[in-house]
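1. no sequence on this one, just coordinates:
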């Protein structure tokens, strides 16, 4: 069974994914919109993880519960 990732390792994976997307624009509107959304989502997940780590909490505020609870 594979080892579980620590919070720091998880943050680094999110950061690596963000870097892999680069800063280039997409050639089409749909491609560019997808890249911008992915970059924003990854950045928000990183920030939410950092906040949860700082507060020693389990909830990443960047992830919304679809039930609204």
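-> Right, received. Where do you want to start? Computed from a prediction, not measured in an experiment: that's the story for all the values here. Residues are numbered from 1 along each chain as shown.

2. distance from stretch 32-45 to the middle of the chain?
-> The chain centroid and the centroid of stretch 32-45 are separated by 8 Å under Cα atoms, centre = their mean, to the nearest Å.

3. do the same with stretch 61-68
-> 14 Å.

4. buried ones in stretch 43-52?
-> 45, 46, 48, 49, 52 (16 or more other Cβ atoms under 10 Å). Yep, even glycine has a C-beta here, placed from its N, CA and C like the rest.

5. one more: stretch 27-45?
-> 35, 42, 45.

6. could you double-check that the last one lies in contact with residue 64?
-> Same thing as residue 45. No: the criterion here is Cβ atoms under 8 Å, and residue 45 misses it with residue 64 at 11.7 Å.

7. centre-most residue in the protein?
-> What sits nearest the mean C-alpha location of the chain, by Cα atoms, centre = their mean, is residue 42, with 2.6 Å.

8. report all helices and strands that the helix or strand containing that residue contacts.
-> Using DSSP states H and E, residue 42 sits in helix 29-55. Contacting helix 29-55 under the criterion 3 or more Cβ pairs under 8 Å, 6 or more residues apart in numbering; DSSP states H and E are the following elements: helix 7-21.
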